[in-house]
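A.B. asks: I would like to see how this sequence folds:
(chains A, B and C)
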Amino acid sequence: MLNRLFMPLLVTGGLLFASAPFMIARAPYESTMGLIQKVFYFHVPSAMVMFASAFVCGIASAMFLFGKRRGSDMVAAAAAELTVVFGVIVLVTGPIWARKAWGVWWQWDARLTSSLILWMIFVAYLLLRRFGGYGSEKLAAGVALFGMANVPFVYWSVNVWRTLHPKTTVVPSLGPGMRDAFWWCVVAFVALYVALLAARVRLERGRLSLEELYLALDE
Amino acid sequence: MTDRHTRRTLILLTVLAMVGLLQLTITASTESAATDAIGGASGGARAQPQQAAQDEFVPIGELPPEEQLPAAPLLVTAYAFVWVALIGYLWSIWRRVGRVEIELAEVGRRLRKAQER
Amino acid sequence: MAFARVAWLIMRKDLTVEARSRDILYTTAFFAASCVLVFAFAFVRDGRALDDAAAGILWIAIAFAGTLGLGRGFERERSNETLRALLLAPAPRPAIYVGKLLSIVALLAAIECVLVPLVSLMFQAPLLRHPVLMLALLASGTVGFAAVGTLFAAMLTGARTRDVLLPVLLYPITIPVIIAGVRGTAALLQVDADLDMARAWIGMLVFFDTVFITLALWTFEPLMTD
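C.D. replies: Now for the predicted structure:
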């Protein structure tokens, strides 16, 4: 099913994505932060997709661990990689925005720090899958589960840690013009995410067939 | 991967890349229009509701001139990075799928030969 | 066999083995002390430590010593194939986890008995001014760290690159424990100690422990069996 959705999703996502700049350019100019605030239209949807992907990975991992369904493992591996990719986007666009808006690249902002920790958990997941040797798919599934369960704790503790210092929130209340551009970008990112997930799962499926063929060859 | 697939993907990627370049041009031209608008905006002409508390944030106008970075290059870099990251990742998947399919064909061939014997 | 009995037996076995040779205890405790010394050089200037350095150093030393102890403890299991034997035994699997968890917590508790006075002395930090809260903080934090660590160390015993993978996997997930431990300790070390803050962190740690021990009990069996 994912395979058939891939091309239409990619085209839709691509078109939405490509037309996003027009929407963004037309969006009202944010009075305090100026032009740089427009990074937000790509930064926040990326963050939303990253968190969603982390949950997809966690749920797929649970299904793999407890339901022993091989297909779930493929989705989990794909979702983990996508979490890392979208995480990189968040962690690069965030500091770029911060550099202009606050004057420094990194401020231990609660949200960025929580995203960094989540990103590192999924990088650890990928490292385990790659270098853990035999049976590491299951172990990685355990890590993903723990990572997903950890999200509220990370968020709470980093938030409390940071509110002892001045608070820095950067998501302003959205005026109507901005809201349209924002949700346009969210839809574009989600479409692209599902398309990329489909492509990545296809790669996993190919690798599985290859493994089975090698086994058959050995007999 | 069949040639038809490859061609379709390459065309799509080229279209996306061209639109990306178009977008950079638009952002650049918007920026010059926006710098004209800043003068009016700071006067409160724009009636946009804002703002969440930001104790550490200093509004652009109040920073000493040396510290004020031009926003446009940073904005363009951010957007360009997002494009590069997404297209780069898609390309990486495509490349890996291609390699796996070549290897699948090869091993399939060997298996068939072994089974014939 | 009953759950609690199995857990108790496993813990007793580990502690007995350890009590005879004491190699893990001595070497890990010494390692923790060296950590404190190394950090002292990083964070002490003009004979005085930076603010909150004592809290941070204490918990980092616990984390490092814990990782080392976990690795060594399960290495022992692996080289004698005792873990496989345990899994083959007709014992409820989660009980094995609890047994190992208890022994690791006991090891870390022994190390903390050395660490807390040491840090307190070297950094002039009155760690035991509020003994009950400090103890609760240490207990809940150590249990949280050990809960995740025991599971990961157990599941990595068969892996090739287990030595480096254990910290790689463990540290990001136990960051909330470290934050809570350090901030809670710092709150208690302040001149007029922020007891409510410390209690809030202890509360979070207890919640963390509950959630992750439960999760570990659920996942121990599928993770350890093929």
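A.B. asks: for the residue in chain C sticking out farthest from the centre, what are its contacts?
C.D. replies: Farthest-out residue of chain C from its mean C-alpha position, per Cα atoms, centre = their mean: C:D46, at 32.2 Å. By Cβ atoms under 8 Å, 6 or more residues apart in numbering or on different chains, the contact set of C:D46 is empty. Heads up, the C-betas are built off the backbone N, CA and C, glycines and all.
A.B. asks: Just to check, A:R162 is in contact with A:L112?
C.D. replies: No: at 10.1 Å, A:R162 does not count as touching A:L112 under the criterion of Cβ atoms under 8 Å.
A.B. asks: and the host helix or strand of C:I60, what does it pack onto?
C.D. replies: Element membership for C:I60 (DSSP states H and E) is helix C:53-79. Applying 3 or more Cβ pairs under 8 Å, 6 or more residues apart in numbering or on different chains; DSSP states H and E, we find helix C:53-79 packed against helix C:23-43, helix C:82-88, helix C:93-122, helix C:131-156, helix C:162-173, helix C:175-189.
A.B. asks: Contact partners for C:G73?
C.D. replies: With Cβ under 8 Å, 6+ apart, C:G73 has these contacts: C:D14, C:I24, C:K100, C:S103, C:I104, C:L107, C:A153.
A.B. asks: Kindly report the same for A:A62.
C.D. replies: Neighbours of A:A62 in contact, by Cβ under 8 Å, 6+ apart: A:A141, A:L145.
A.B. asks: Pairing partners for the helix or strand of chain C with the lowest mean pLDDT, with directions?
C.D. replies: Using mean pLDDT, DSSP states H and E, strand C:48-49 stands out as the lowest-scoring helix or strand of chain C, at a mean of 75. Taking DSSP bridges as the criterion, strand C:48-49 forms sheet pairs with strand C:44-45 (antiparallel).
A.B. asks: tell me the average confidence for the partner strand?
C.D. replies: Averaged across strand C:44-45, pLDDT comes to 80.
A.B. asks: distance between it and the chain's centre?
C.D. replies: Centroid separation for strand C:44-45 versus its chain: 27 Å, with Cα atoms, centre = their mean, to the nearest Å.
A.B. asks: can you list contacts of that strand?
C.D. replies: With Cβ under 8 Å, 6+ apart, strand C:44-45 has contacts from C:L50, C:A53, C:F123.
A.B. asks: Out of these, grab the one that's most surrounded.
C.D. replies: C:F123 (23 neighbours; other Cβ atoms under 10 Å in any protein chain shown).
A.B. asks: Tell me the spacing between the closest residue in space to that one that isn't next to it in sequence and A:V158.
C.D. replies: Nearest residue to C:F123 in three dimensions, chain neighbours excluded: C:A54, at 3.9 Å (Cβ to Cβ, 6 or more residues apart in numbering or on different chains). Look at C:A54 and A:V158: by Cβ to Cβ, to the nearest Å, they are 22 Å apart.
A.B. asks: more crowded one of those two?
C.D. replies: More crowded of C:A54 and A:V158, by other Cβ under 10 Å: C:A54, with 26 against 23.
A.B. asks: Pull the residues that contact the least confident helix or strand of chain C.
C.D. replies: C:A40, C:F43, C:F123, C:Q124, C:A125.
A.B. asks: ok, which pair from those is furthest apart?
C.D. replies: C:F43 and C:Q124 (13.0 Å; Cβ to Cβ).
A.B. asks: Among these two, which residue is more densely surrounded?
C.D. replies: Using other Cβ under 10 Å, the more surrounded residue of C:F43 and C:Q124 is C:F43, with 17 against 9.
A.B. asks: Surely the more buried one touches C:L50?
C.D. replies: Yes: with contact defined as Cβ under 8 Å, C:F43 reaches C:L50; the gap is 5.1 Å.
A.B. asks: which one's the longest helix in chain B?
C.D. replies: As assigned by DSSP state H, the longest helix anywhere in chain B is helix B:71-116.
A.B. asks: now chain A
C.D. replies: Max-length helix for chain A by DSSP H is helix A:176-218.
A.B. asks: Quick one: distance of the helix holding C:I60 to the chain centre.
C.D. replies: 6 Å.
A.B. asks: Kindly report the same for stretch C:156-176.
C.D. replies: Between the centre of stretch C:156-176 and the centre of its chain there are 14 Å (Cα atoms, centre = their mean).
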